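*Asks:* The sequence isn't on hand, but the structure is:
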C-alpha cells in the first residue's frame, strides 16, 4: 500500500506519516460509550470519526483490529473519584439490576450506530467483563511502586510517577500546576494528593456492583479498563488510540501513566482526538442538559428541532467539519447538510444519464487525486466533500453540454465517486425510507385516475388498472367512501 | 393476576401450577448460543419458545427478568472435556482473536433473533465476562468437599456428591448405570471417575483463552457459567430455567449438582426444555452437518430450499408444534405454515370490513377463553393457533352472512385476536417488505397510464399525473427508451 497518510498525533502535536508497528496489521482502540442513557449527538461524532478512520485504513489495505469498549461499570459521577457509580445510580432509581440498564442502552446504542451506518468494531469488550485483567494491571503497578493502598482502595501515585516519567505528556499539564490548583475535597482523605486517581475502590455497603480483589470487595477505577483491554486485545503497544477531546485529560493521560507504570513504556503510537459538538457555542452534554439524543433527531421529537432528520444527514453534517474542529449545531446547518448531501447523490445518479464525448474537457484523475490527498491529510473529509461538490458541478455542466467526458472517464468517475461517497464517507441514499407513505400516495393517485376513467365511462382504462394491480396482489374494493385497496 | 398457568416441569415430570417464588417478580434463565458460527433452525426454537414464555408471563402481569447467556468460552468440543475450546479452534483457523469471532457471530445472532421478532432478554451476560464469579463458585464447591484438584485442574466429584444428594434427579440417570457404561478415555487420567466433570481446566501452552486462578492459569468448565450467572442475576434459587432438551444431560444435571454442592439446595423451581427440530427424522446440528442457517432460510440460498422464507414463516412453523414435541422440517410444512399464517392475517384484516348485526350467533368470549386455556396449558401454541383458525373460519362466515356478530363482539374479537396474534404469538405481517419492488411496479403502472393518455392526446390526464407525482418529489423524464422517473 502507498504510504501517504498523515495523522495528527495529539502526543507530538503535529501531523505524522502513518507507519504502523506491524504492517499490514493496525490496532485501533477507541473509547466507547457509558451505557446508562441514550446516545446523543455528541456520541455520534467519535462513532463517525473513527468509522472513517477504520474504513479508510481498510481501503488502504491494512488489516485493522478495531476495539471499542462499553463502559458498564466504574465511571464515577464526579471527577473527585468519590461519587457513586453512574450506572448504579440510575439502576437504583429505576429499581433495576445495573446489568439490565446496561443491556437496554447497549442495544439502543448499537441500533443508533447502525442507523448512522458505522461499521461494527472488531471487538467490543465490556469493563465488567475484564475485572481480572484490571486487577492484574493494578498488581503490576503496585509491584513497580507507583500505587499505594489506603483502607482497601488503591490509588495511583502521580508524584512518584512524575519523578521517573514525565506526567502530562499528552495534555501538556504540569504536575506543579496541578499541585497549586488542587484543594482538599471531602472524602479525599485517603489520597496522598488530590490529583492521584483511583485504581481500585473499596465498595461501600450500598454499592451493588463489586468484585473480590486482593485488597477489598470493590470495583476498578474508570481509567483502568481502557489500559487493560487495549493491552489484552491489541498488545502492550499499539498503533492508534482515539476518543473525544474531553477524554484527553484526565482519562487518556492516566492511561499513559498506567501503562508506563506497569510496562515501562508508552502504550500508543498515535493518539487521535475528535473535537466537540456545540450548541450555540456550548458543549453538548448530559451535565449541561442541552443534549439532543440521536433518537430525538431521527424522530424530530425535541423542542429544538423543527423536523425529523435522517441519520445520513447527521453523518454528512458531521463529516462537513474536520474532526479536530468544533462543530456548532443548528437546524439551518442541518438543512444545508441535507441539501448538500442530496446534491451529491443526484450528481452521482446523473452519471448514468450523461452522453459520452470523444474527448474529455476535464481532468477526472486530478479530482480523484485531490480527494485522496484530502483523506491522506489527516482524514480531511470537509475537503473531500468540497472536491465532490466541484465534481457535481462539473457533471451538471457535462449534462448541459458545456463540459465533456469520454465513456472511459465517466466510468472512472463512477468508480471513484462511489468509493468516496458510499465506501469511505459511508453515506447511504435513504430516500426510499418513507416507502409506506409513498405507496399510499401512489395508490391514491392510481385510484384517482381509475375513478376519473370510470366517470368518463372509459372502462378499458379502469379495468387495465385493476388487472395491473392484481398482478401485485393488490385488490380494489369500491365502497361508499370511495375505492379502497388492500393486499390479497 | 389469575393463577391458572401450568408449566411442565422436567424435574417432576408433570405439569405444575406456576407459583413464582417472589411474585410479581419472575426470574428466568435460558441457555443461549455458543457464538462460533451462524444460528441455524435449531437455535430458532429455544429463542422463540422462551420468547413466548417471556411474552405470556409479562402479559399475565409478572415482572420478568429474563437472562440469556452468550457462551463465548469454555464450551469444549467433545464431551470428554479434553477437547479444544470450540471458539478458540475457529479463531485459530481464521487467524483471528477469539473475541473477534465472538463479536462477529454475536451481532449476527442478535440480528437473526430480531428478524424472528423475539424480544431481547433483560440481561445477556457472557461467560468470559464472569470468570471471577465462576472461580468463586468453584471455591465454594471445593470448600464443601465436592471437588478435587488434579494437576492444576479441578473436577466435580460426582460419586461423593451422590452420597449426600441424589445425582441424576433431572435426567433420571443413575450413577450406577453411568459407572457401568463409562470407559477410560485418553487424557482423562486426571479424573477419579470418567463421569466427573471439569470445573476448572489448566490451559495448555497453546490455549489462548485463559485467566489466572488459585489453581492454575486456565479456563472454567462449560457447566459452570450458567450456575454462576444464574445465581448472580436471579439469586441462588430462581423460578424458571429453560433450554433445549439436548442440554438436559449433562449440562443442566451438572448445574443442579454444582448448586447443591455450593449452597445445599436446588437452584431452580421449574425446569423447561424445548424439543429438537429434525430433518427427515434426524436431529439438526453442526456435528451432523445437516443444518440450515437462519440466514440461508431468509435468503433461500441452500440446496434443500426451493425459495426464501420470511422469518415470520419460520416463527409460525415453530409455533404450530408444541415446544415439547419434536418438529420435522420440510419445505412442504414451511409452505403450509406460510399459507396458514396469512389466512390468520387476512381474517384479522377482515374484521375492519365486517357489517355488525343486532345479535351475535357466535360466542366470542368462549373462543377467547379457549385461547387462554391453551396458553395456560403449558404454552400450547398449536392449540391456540387451532382456535384462531376456527375463529378465522367464523369471521369468513360472518362476512358471507351465514354467521353474525354485534359491533361490540367485533371490537372484542379485534382486541383479543390482536393480543394473541401480535403480542403473544409475536407475529408480524411483513407483506410490505418488498416495498421498493412494489413502488417500481406502481410507478410503471402510472407511467403506462400516462403514456396511454398522451397517445390519446388526453393531456389533462397526463398533466394531472405529472403534477400529482411532483407533490411527492417525483420527476418524470421522457427519454428515447420511454418515461423514466426519479426523486427530485
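*Replies:* Great, that's in hand. Predicted model only: the values in this text are computed from it and were never measured.
*Asks:* Next, residue A:32: secondary structure please.
*Replies:* Assigned by DSSP: H, G, I helix; E, B strand; the rest coil, the conformation of residue A:32 is coil.
*Asks:* Give me the pLDDT for the closest residue to it other than its chain neighbours.
*Replies:* Excluding the flanking residues, the one nearest residue A:32 by CB to CB, 6 or more residues apart in numbering or on different chains is residue A:68, at 4.2 Å. All C-beta atoms are positioned from the backbone trio N, CA, C, and that covers glycine. Predicted confidence (pLDDT) for residue A:68: 98.
*Asks:* Share the number of residues neighbouring residue A:68, please.
*Replies:* Residue A:68 sits with 26 neighbouring residues when counted by other CB atoms under 10 Å in any protein chain shown.
*Asks:* can you check residue A:188 too?
*Replies:* With neighbours defined by other CB under 10 Å, the count for residue A:188 comes to 16.
*Asks:* That one and residue A:142: what is the separation?
*Replies:* 20 Å (CB to CB, to the nearest Å).
*Asks:* Roughly how far does the residue nearest to residue A:32 sit from chain B?
*Replies:* 10 Å (CB to the nearest CB, to the nearest Å).
*Asks:* Quick one: residues contacting that residue.
*Replies:* Counting by CB atoms under 8 Å, 6 or more residues apart in numbering or on different chains, residue A:68 makes contact with A:29, A:30, A:31, A:32, A:50, A:121, A:123, A:124.
*Asks:* And the nearest residue to the third one once chain neighbours are set aside, which helix or strand is it part of?
*Replies:* On the basis of CB to CB, 6+ apart, the spatially nearest residue to residue A:31 that is not a chain neighbour turns out to be residue A:243, at 3.8 Å. Take DSSP states H and E as the rule and residue A:243 turns out to sit in strand A:238-244.
*Asks:* List the neighbouring strands of that strand plus their orientation.
*Replies:* According to DSSP bridges, strand A:238-244 forms sheet pairs with strand A:25-30 (parallel), strand A:268-274 (parallel).
*Asks:* Pipe these into CSV and attach mean pLDDT and mean neighbour count per row.
*Replies:* CSV is the format used below for these (pLDDT from 0 to 100; neighbours: other CB atoms under 10 Å in any protein chain shown):
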stretch, mean pLDDT, mean neighbour count
strand A:25-30, 95, 24
strand A:268-274, 98, 23
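*Asks:* JSON lines please, covering those and showing distance to residue A:10.
*Replies:* Listed next are those as JSON lines, based on distance: least, CB to CB, whole Å:
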{"stretch": "strand A:25-30", "distance to residue A:10": "14"}
{"stretch": "strand A:268-274", "distance to residue A:10": "4"}
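*Asks:* Among those, which comes closest to residue A:336?
*Replies:* Among those, the nearest to residue A:336 by CB to CB is strand A:268-274 (21.0 Å).
*Asks:* residues in contact with the closest residue to chain B within the stretch 1-150 of chain A?
*Replies:* Proximity of the stretch 1-150 of chain A to chain B (CB to the nearest CB) peaks at residue A:129, 2.9 Å away. In this structure, residue A:129 makes contact with B:126, B:128, B:129, B:130, judged by CB under 8 Å, 6+ apart.
*Asks:* Just to check, the first one is in contact with residue B:70?
*Replies:* Yes - when contacts are counted by CB atoms under 8 Å, residue B:126 is listed as touching residue B:70 (4.6 Å).
*Asks:* any residues in contact with both of these two?
*Replies:* Listed as contacting both residue B:126 and residue B:70 by CB under 8 Å, 6+ apart are residue B:102.
*Asks:* Confidence-wise, which helix or strand of chain A is lowest on average?
*Replies:* helix A:86-94 (a mean of 52; mean pLDDT, DSSP states H and E).
*Asks:* Who are the packing partners of the helix or strand following that helix?
*Replies:* Moving toward the C-terminus from helix A:86-94, the next helix or strand (DSSP H and E) is helix A:98-115. Contact here means 3 or more CB pairs under 8 Å, 6 or more residues apart in numbering or on different chains; DSSP states H and E; on that basis helix A:98-115 packs against helix A:41-59, helix A:86-94, helix A:294-299.
*Asks:* contacts for whichever helix or strand residue A:467 is part of?
*Replies:* In the assignment (DSSP H and E), residue A:467 maps to helix A:459-471. For helix A:459-471, the surrounding residues in contact (CB under 8 Å, 6+ apart) are A:446, A:449-450, A:453-454, A:475-476, A:485, A:488, B:441, B:445, B:448-449, B:452.
*Asks:* now, among those, which is nearest to residue B:316?
*Replies:* Residue B:316 lies nearest to residue A:488 out of the contacts of helix A:459-471, by CB to CB, at 18.6 Å.
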